[in-house]
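Asker: curious how this folds, go ahead:
(chains A and B)
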Amino acid sequence: MSNTTRETSNLKRTDEELRALCIKGDGNAQNELYRRYVPKLWGICLRYAKNKMSAEDILQEGFIRVFTYLDKYKGDGSFEGWMRRIMVNTAINYYKKNLKTGKEMEYTEVFAAKSYEPDAISQISNEEVLGLVQELPKGYRTVFNLYVMEGYSHRDIGEALNISENTSKSQLSRARGLLQEKVNKLYGKER
Amino acid sequence: MKEQEFDHIIKQKLEAISNEPPAYMWSKIAAAIPPAATTPVASTGLSGSIKIVLLAASAIIIGGLSFLLLQNNGDVKRPAIKNTQYTIEKINIRHHKNTAIELDSEYNRTKSIENVNYKQSTETPTKNTNYKAKKQLISNNKVIDNSDQDFDSAFENTSKSSAVNPKLKTTSPQKEKSVKSKIKKQPVSLKLAVVPQVNEEEQANSNKASQSEVTNQETQSTKIIEPAKSLTEEVAVVEIPQEQESPEVTDGDNQSAENLNQEESAVVKENPKTRQLNKYGIGIHYGPEFMDMGGIKLTDHAVDFSFNYQNMNFILQTGLGFKYSHEKVDYNLKYKRWDYIETQVRFDSAIFVLDQNGNPVLQPVDPYYEDVYDSVRHKYSAQATEQIYMLQIPLSIGYQKDFKKFAYFIKGGIRYSLVVYTNTTNLFEIDEYSRLDYLSYPSKGRVKSNIDYEMSIGGIYKMTKKFQIHAEMFGRYYQHSIYTENPPSGIHPWSLSGRIGLVYLLN
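Answerer: Purely as a prediction, here's the structure:
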């Protein structure tokens, strides 16, 4: 009975309580915090990573940062949002680490705007969409995630990835084109 | 379908994904969490080569220090004193009337004369001594009254007995000038602890360490013998002439002269000014260096660990330094990449159908889509940062003028530099879909080693006896160009630099 009560009270721990315990180095609290937020953060890692192994690397590094800098969280915004930003920044760093280019790239070709097929993308599953995103080249994938999922502007993306706004726009356009193409191909197969 | 709608659908689908990472992830994370999770782990970011260099530098510094310290220890020689062990406990300066007997309780009124050169003649209270003045002030377990009056009276008796003792050799300023000393106008009180070699009878009478205290008075020469707490004291005699800035103390007795020399050597060993003739120090310094070579200007940063040696006005400095240099290099890159162009609709057969106006329109049968890729030419122009890490060994000598709290110096020497590690950051990276066509990367190429000649002037602020702040400005002229090729290899660079650091004196 007492165990049940304790477990119940543990479940009711607020983020602030958990954070305080984690700062003190409480392993159980760290585990609880991890279990509470890992489903959402894992999705972020998967989107930015090329494969599951890379996603695990990002997740691990991101959580280490979270636990290391817990005392730096000042309560501005939600705690989940703070952790999410850390995870996204970790993913960006991971991208930079594995793509040292980071400089202006002039593309000589211009991609024409394409029309997108609404039926096709609605037909495929969520996991399939994730797979398609993961198949994107890492530059495209990162720009697409930052723009579409995180709501970054092209200027923010340029600053984060050390590329120009035009490059960001170009890569986003390419990412969309590739995604659409892959969706159409997949949809065509299913149909 | 607009782009925004497409993005929205993708976002919804991606956000709807809810799964969890493998179960082993938590164990990996938990194992990697730093013990003090709230304390950021500082990373030096040093590469393996730099770590090796730092380790080597540490080993050299530690080895050098050990060598110096061992040499220092080897020079220390204790004076050989026959039959008597002397320990100079304290040297005091104070006023006193006629006599100079002082008590331990009065030490708080005394002043250390560490900075005063002094000489004294002392006669050993052994069987062979010609000084037989013995004084028994107290018996066993009797506590000495600390009042000046009692001691004055007690000492008068002692002085009289000593004065009439023909064997007592006293010193006088009129006698042979064997020892010189400079004494400030403040009266001097010298306290000596004397542990004589006593016979068994004396040992039976006295189990405590002998202690004598000798005091000079300002107005006349005195002979002072002060047993502090012992039963029987062998005493020392010190005579300091009255009102003399540099009194000359003479001891005509050979035995006393021998003892005097022994004492003198002991004193010289302890003399702070003599001890400071050879100074050794270690320091750490930092300084930027602004280099000019035919219009090419570089700013480097150097840190060095120094060994400092000083003998009077001569100074020598060497050590081990590390210099970091960096410069931007432009490069151009052209490459072809197998890129996606568009998706085309393909079909094997088609039929004509009539539209609403009755015009024939080609209608594909079983169309399929196909990606079209092509080789796209890219141009890439950017800057890379070339980082150069150097090991440096300087050696310089110079002249230094010391004041109480400050000093200035001028020195010149050479410095040997060796490039130990180079790195280029922000350089291009092309993927497996690309083929490099052209790369223009004008790396200048640094010479592996170089020598520069340096002159410097600087100042020293002596914070404490052990710690000093050094600041100096250098002018340097390099023997070789720093580049092996390209621009301008024939020009000798010169540089101006500053340097500031902290030096710890080892002695």
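
Asker: can you give me the neighbour number for residue A:43?
Answerer: 22 (other C-beta atoms under 10 Å in any protein chain shown). Quick note: C-beta positions are derived from backbone N, CA and C, even for glycine.

Asker: which stretch of helix or strand covers it?
Answerer: helix A:27-48 (DSSP states H and E).

Asker: do that helix and chain B meet at all?
Answerer: Yes - counting by C-beta under 8 Å from any C-beta of the partner chain, chain B is contacted by helix A:27-48 at A:27, A:30-31, A:34-35, A:38-40, A:42-43, A:45-47.

Asker: beyond that helix, next helix or strand please.
Answerer: helix A:52-68.

Asker: how does chain A divide into domains?
Answerer: When chain A is parsed with automatic domain parsing, its domains come out as A:2-98, A:118-190.

Asker: now those domains in TSV, with distance to residue B:287 and mean pLDDT?
Answerer: TSV is the format used below for the domains of chain A (distance: least, C-beta to C-beta, whole Å; pLDDT from 0 to 100):
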stretch	distance to residue B:287	mean pLDDT
domain A:2-98	33	82
domain A:118-190	32	84
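
Asker: show me what the longest helix seen in chain A is packed against.
Answerer: The single longest helix within chain A, with elements called by DSSP state H, is helix A:165-190. Packing contacts for helix A:165-190, counted by 3 or more C-beta pairs under 8 Å, 6 or more residues apart in numbering or on different chains; DSSP states H and E, involve helix A:118-123, helix A:126-135, helix A:138-144, helix A:154-161, helix B:3-15, strand B:314-346, strand B:368-402.

Asker: ok, which of those comes nearest residue B:447?
Answerer: strand B:368-402 (10.4 Å; C-beta to C-beta).

Asker: which secondary structure elements does that closest one sit against?
Answerer: Using 3+ C-beta pairs under 8 Å, 6+ apart: strand B:368-402 touches strand A:106-107, helix A:165-190, helix B:48-75, strand B:296-311, strand B:314-346, strand B:406-425, strand B:434-440, strand B:449-462.

Asker: dump the ones you listed to TSV, plus mean neighbour count and distance to residue B:479.
Answerer: Below are the helices and strands packed on strand B:368-402 laid out as TSV (neighbours: other C-beta atoms under 10 Å in any protein chain shown; distance: least, C-beta to C-beta, whole Å):
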stretch	mean neighbour count	distance to residue B:479
strand A:106-107	15	44
helix A:165-190	19	46
helix B:48-75	12	23
strand B:296-311	18	17
strand B:314-346	16	16
strand B:406-425	16	9
strand B:434-440	12	31
strand B:449-462	17	5
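
Asker: where among the ones you listed is the average confidence lowest?
Answerer: Among the helices and strands packed on strand B:368-402, strand A:106-107 carries the lowest mean pLDDT, a mean of 36.

Asker: can I get the domains of chain A in a markdown table with distance to residue B:333?
Answerer: Formatted as a markdown table, those follow (distance: least, C-beta to C-beta, whole Å):
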| stretch | distance to residue B:333 |
| --- | --- |
| domain A:2-98 | 19 |
| domain A:118-190 | 15 |
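
Asker: ranking these by burial, who's on top?
Answerer: Among the domains of chain A, domain A:118-190 has the highest mean neighbour count (mean count of other C-beta atoms under 10 Å in any protein chain shown), at a mean of 19.

Asker: and the one residue sitting closest to the centre of chain A, what does it touch?
Answerer: What sits nearest the mean C-alpha location of chain A, by C-alpha atoms, centre = their mean, is residue A:44, with 2.9 Å. Contacts for residue A:44 (C-beta atoms under 8 Å, 6 or more residues apart in numbering or on different chains) come out as A:84, A:87-88, A:91, A:149.

Asker: same thing but 7 Å
Answerer: The contact partners of residue A:44, by C-beta atoms under 7 Å, 6 or more residues apart in numbering or on different chains, come to A:84, A:87-88, A:91.

Asker: OK, contacts around residue B:313?
Answerer: Residue B:313 neighbours (C-beta under 7 Å, 6+ apart): B:399-401.

Asker: most neighbours, which of these?
Answerer: Highest count within these by other C-beta under 10 Å belongs to residue B:400, 19 neighbours.

Asker: got a list of what residue B:452 touches?
Answerer: By C-beta under 7 Å, 6+ apart, residue B:452 lies in contact with B:415, B:476-479.

Asker: please name the bridge partners of the residue in the stretch 151-300 of chain B positioned nearest to chain A.
Answerer: Residue nearest to chain A within the stretch 151-300 of chain B (C-beta to the nearest C-beta): residue B:298, separated by 22.6 Å. Listed beta-bridge partners, residue B:298: residue B:291 (assigned using DSSP bridges).
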